[in-house]
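no sequence on hand, only this structure:
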């Protein structure tokens with residue numbers, strides 16, 4: 001019977017993998033066609049031959065002249081996003097069967113770092129290749145547009161009574177604006193946190209932030225030059241004031257463009273590192289001007305032209321509204337561990353149906369500290385090890401985090417209720433690190449937090465023996481001995497693990513801890529290194545942390561994307577049929593362009609709000625009915641532990657710690673080096689394994705040193721991955 005079950009399971013796995021391969025092929029073809037459209041969009045072939053044919057087939061009274069751009073630029077990405085949801089849902093069904101056992105694929109060399117220091121940060125060969133290809137697309141488009149526009153330039157100049165260079169300047173300004181649209185078409189994908197498109201290609205929103213920054217700099221450079229060209233042109237032709245104040249109802253609205261550009265410049269100015277790091281809140285709140293930018297951009301170019309950049313923003317709008325719905329719920333904060341190194345671990349109640357992978361992150365809001373501020377933190381828990389808890393570690397490095405630590409450290413062990421809201425968690429679609437034979441995790445300071453989730457995940461996997469787990473080597477650097485208390489978070493709060501005690505002998509874990517500034521353990525450090533566990537009273541209105549769209553979130557997201565898009569088409573179709581067409585007749589010369597754009601924006605908002613709200617409420621109700629209430633659970637007695645025995649080889653007077661076999665196993669696996677820094681060249685050279693994953697998380701210079709060794713190393717078995725959550 002067991003062999004029959006295994007054969008059936010094997011056949012099911014093969015069928016799912018075949019379906020995923022077919023979807024990959026189909027979406028690859030669609031995306032290549034989409035890129036081909038962008039390549040050809042700047043040529044006369046596209047405008048004089050392709051577009052007239054498409055226009056003749058799509059110029060219906062139902063949707064009007066914007067049908068051609070909707071079909072060519074919008075529909076392919078919407079289709080990819082929906083099919084990606086199906087692809088990811090099938091991936092969840094594969095579970096551990098979807099993890100490859102080895103890491104030596106032909107693409108691994110392309111994942112090696114090639115640029116380490118510089119404005120771009122750590123860049124792999126793959127990233128550099130795609131960046132150069134994208135820049136080549138921009139350069140080709142500029143050349144192609146100018147080549148077509150400059151051909152009849154002398155005749156146009158003579159007909160308009162202008163100098164040739166003035167007409168060339170006007171053409172250059174138009175070209176820069178058109179090419180800037182290419183950057184704008186892709187700029188929202190990296191910041192769509194729950195994006196199926198990102199997950200399809202193995203990316204997360206955290207790792208893609210730098211792509212958003214690159215695209216933002218390129219877009220604003222092009223749009224700024226676009227504006228300067230026209231301002232110069234209007235100045236030279238003595239029509240500056242007339243053109244600057246022109247709001248055309250049928251053609252291009254200059255005032256709308258100026259408002260959009262101003263909003264973009266403010267966002268751009270506050271996004272540079274020197275301002276973003278020192279005044280993060282200024283950067284964060286000014287970025288809400290993207291709403292002003294997008295709305296007036298659409299008014300400036302008209303909705304038909306805006307369809308070229310619509311799909312990225314459309315998917316972002318769905319994701320943003322789902323995040324808004326999720327953030328309105330108050331979640332159940334069960335306990336907190338307060339560390340003497342000014343760090344805290346928050347433990348939230350979680351719906352058992354919520355599954356996430358290691359290195360995920362959550363955005364947290366605590367109204368008693370700030371009603372407006374949301375901050376991202378790495379998840380330290382494992383959904384397999386802790387089915388009813390999700391945890392994050394927060395280091396007191398800023399004003400908000402210091403206030404949280406101060407609030408919790410001054411709170412009584414049996415404290416009252418603490419309100420909190422979350423967005424997320426967001427993370428990779430699959431635990432890619434499981435494919436390696438050995439994992440080397442290099443961290444500095446609070447950079448250890450994503451590695452805690454990896455260690456917990458592998459401890460859980462090794463205890464269940466469902467898949468072969470890699471060997472683990474954690475190299476962590478801290479400034480002071482008191483920071484070693486963070487290692488105590490490798491084990492979850494005792495009440496949060498419902499399973500049997502962990503057997504550490506199943507996992508090969510070695511920890512090398514380096515304390516860089518202290519050369520010896522001081523008595524006051526040992527006496528003060530007490531970790532206090534706080535338990536919070538529960539409120540009946542609080543809910544466990546749950547996925548915004550439930551356990552089948554990818555299927556629901558695909559339904560929301562496709563359903564809302566259909567509703568939008570129906571709404572704008574009815575508006576066109578019975579309101580716009582009787583006035584305009586598909587001429588685009590009678591009905592106000594901004595009014596038409598406003599109708600489209602309103603239709604999109606209605607479609608997104610209706611479908612996302614229905615999906616969220618339906619899944620929220622199902623999640624509530626399946627979750628055990630937490631209101632009347634008994635509050636355990638407060639506890640304190642001391643990890644100072646890491647330095648004494650495990651001798652301690654605490655009976656609780658002596659009895660804790662997992663804690664003793666952690667101590668035995670840990671070697672502490674006082675007053676030293678890790679010699680990465682020696683450590684990595686000694687690591688054995690056919691496939692070695694090298695993960696670096698922490699300060700920029702530390703990650704660069706690790707990347708530099710992996711780049712220059714002759715060992716092909718080292719596979720570098722940088723984890724950075726710094727905006």
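All right, it came through fine. A quick note: this is a predicted structure, and the numbers were derived from the prediction, not measured.

outline the domain layout of the chain.
11-98+152-324+551-622, 333-546+637-678 (automatic domain parsing).

got those as JSON lines, with distance to residue 120 columns?
Any C-beta I mention is one placed from the backbone N, CA and C, and that applies to glycine too. As requested, the domains of the chain are exported to JSON lines (distance: least, CB to CB, whole Å):
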{"stretch": "domain 11-98+152-324+551-622", "distance to residue 120": "7"}
{"stretch": "domain 333-546+637-678", "distance to residue 120": "20"}
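
buried deepest among the ones you listed, which one?
domain 333-546+637-678 (a mean of 19; mean count of other CB atoms under 10 Å).

skipping adjacent residues, who's closest to the most centrally placed residue in the chain in space?
Centroid-nearest residue in the chain: residue 205, 1.3 Å away (criterion: CA atoms, centre = their mean). In space, and not counting its chain neighbours, residue 205 is closest to residue 193: 4.3 Å by CB to CB, 6 or more residues apart in numbering.

the one you found against residue 376, yeah?
No - using CB atoms under 8 Å, residue 193 is not in contact with residue 376; the gap is 9.6 Å.

which is the next helix or strand following the helix or strand encompassing residue 82?
When elements are assigned from DSSP states H and E, residue 82 belongs to helix 75-94. Later in the chain than helix 75-94, the nearest helix or strand by DSSP H and E is strand 113-115.

in that next one, which residues are buried?
Neighbour-count burial for strand 113-115, with 16 or more other CB atoms under 10 Å as criterion, is recorded at 113, 115.

which elements pack onto it?
strand 123-124, helix 125-150, helix 700-712 (3 or more CB pairs under 8 Å, 6 or more residues apart in numbering; DSSP states H and E).

between helix 700-712 and the second one, find me the angle.
Spelled out, that is helix 125-150. Taking axes from the mean of the first three to the mean of the last three CA atoms, to 10 degrees, one finds that helix 125-150 is oriented at 90 degrees with respect to helix 700-712.

in helix 125-150, what counts as buried?
125, 127, 131, 134, 137, 141-142, 144-146, 148-150.

with the last one instead?
Along helix 700-712, these residues count as buried under the neighbour rule (16+ other CB under 10 Å): 702, 703, 704, 705, 706, 707, 708, 709, 710, 711.

would you turn those into TSV with pLDDT and distance to residue 675?
Below are the buried residues of helix 700-712 laid out as TSV (pLDDT from 0 to 100; distance: CB to CB, whole Å):
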residue	pLDDT	distance to residue 675
702	88	18
703	89	23
704	87	23
705	88	19
706	88	21
707	88	26
708	86	24
709	85	23
710	84	27
711	80	29
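
now the end-to-end length of stretch 475-484.
12 Å (CA to CA, to the nearest Å).

do stretch 350-365 as well
Start and end residues of stretch 350-365 are separated by 17 Å (CA to CA).

residues touching residue 370, list them.
Contacts for residue 370 (CB atoms under 8 Å, 6 or more residues apart in numbering) come out as residue 400.

could you measure from it over to residue 721?
33 Å (CB to CB, to the nearest Å).

one more: residue 130?
17 Å.

for residue 363, which three-state class applies?
strand (DSSP: H, G, I helix; E, B strand; the rest coil).

next, the residue lying closest to it once chain neighbours are set aside: phi, psi?
What sits nearest to residue 363 in space, not counting adjacent residues and going by CB to CB, 6+ apart, is residue 423, at 4.1 Å. Here the main-chain torsion angles of residue 423 (degrees, to the nearest 10) amount to phi -130, psi 130.

check what pLDDT residue 423 gets.
Note on residue 423: pLDDT of 92.

stretch 264-274 - what's its average pLDDT?
On average, stretch 264-274 scores 92.

before we move on, what about stretch 520-540?
Stretch 520-540 carries an average pLDDT of 71.

likewise stretch 80-98?
84.

and it, how far out from the chain's middle?
Centroid separation for stretch 80-98 versus its chain: 18 Å, with CA atoms, centre = their mean, to the nearest Å.

ok, and what's touching it?
For stretch 80-98, using CB under 8 Å, 6+ apart, the contacting residues are 13, 16-17, 19-20, 23-24, 26-27, 30-31, 34, 195-197, 199-200, 311, 315, 355, 429-430, 434, 461, 466-467, 552, 554-555, 557-558, 561-562.

ok, stretch 141-160 next?
Under CB under 8 Å, 6+ apart, the answer for stretch 141-160 is 38, 41-44, 163-164, 166-168, 171-172, 174-176, 178-179, 182.

ok, for residue 121, nearest residue in space, not its chain neighbours?
Nearest residue to residue 121, sequence neighbours excluded (CB to CB, 6+ apart): residue 210, at 6.1 Å.

distance-wise, check that neighbour relative to residue 327.
From residue 210 to residue 327 the distance is 25 Å (CB to CB).

do residue 389 as well
Distance, residue 389 to residue 327, using CB to CB: 20 Å.

I'd assumed residue 112 was in contact with residue 126.
No - counting by CB under 8 Å, residue 126 sits too far from residue 112 to count as a contact (9.1 Å).

contact partners of stretch 703-716?
For stretch 703-716, using CB under 8 Å, 6+ apart, the contacting residues are 104, 109, 112-114, 116-117, 122, 442, 680-681, 684-685, 692, 694, 696-697, 718-720, 722, 724.

mind checking which of those are buried?
Among those, those scoring as buried are 112-113, 116, 122, 442, 680, 684, 692, 694, 696-697, 718-720, 722, 724 (criterion: 16+ other CB under 10 Å).

where's the dip in pLDDT among those?
residue 724 (78).

my guess is it meets residue 695, correct?
No - using CB under 8 Å as the test, residue 724 is too far from residue 695 to be in contact (11.2 Å).

of all the buried ones among the contacts of stretch 703-716, which two lie farthest apart?
Maximum pairwise distance among the buried ones among the contacts of stretch 703-716 (CB to CB): 20.5 Å, between 692 and 724.

find the least confident helix or strand in this protein, judged by mean pLDDT.
Across the helices and strands of the chain, mean pLDDT, DSSP states H and E gives its lowest value to helix 655-659, namely a mean of 44.

next structured bit after that helix?
Per DSSP H and E, the first helix or strand lying C-terminal to helix 655-659 is helix 661-669.

helices or strands next to that following helix in the packing?
Against helix 661-669 (3+ CB pairs under 8 Å, 6+ apart) you get strand 509-515, helix 655-659.

tell me the mean pLDDT for the longest one?
This predicted structure assigns strand 509-515 an average pLDDT of 90.

who does that strand pair up with?
Paired with strand 509-515 in the same sheet, following DSSP bridges, are strand 471-478 (parallel), strand 670-674 (parallel).

looking at the domains of the chain, which has the lowest confidence?
Within these, confidence is poorest for domain 333-546+637-678, with a mean of 80 (mean pLDDT).
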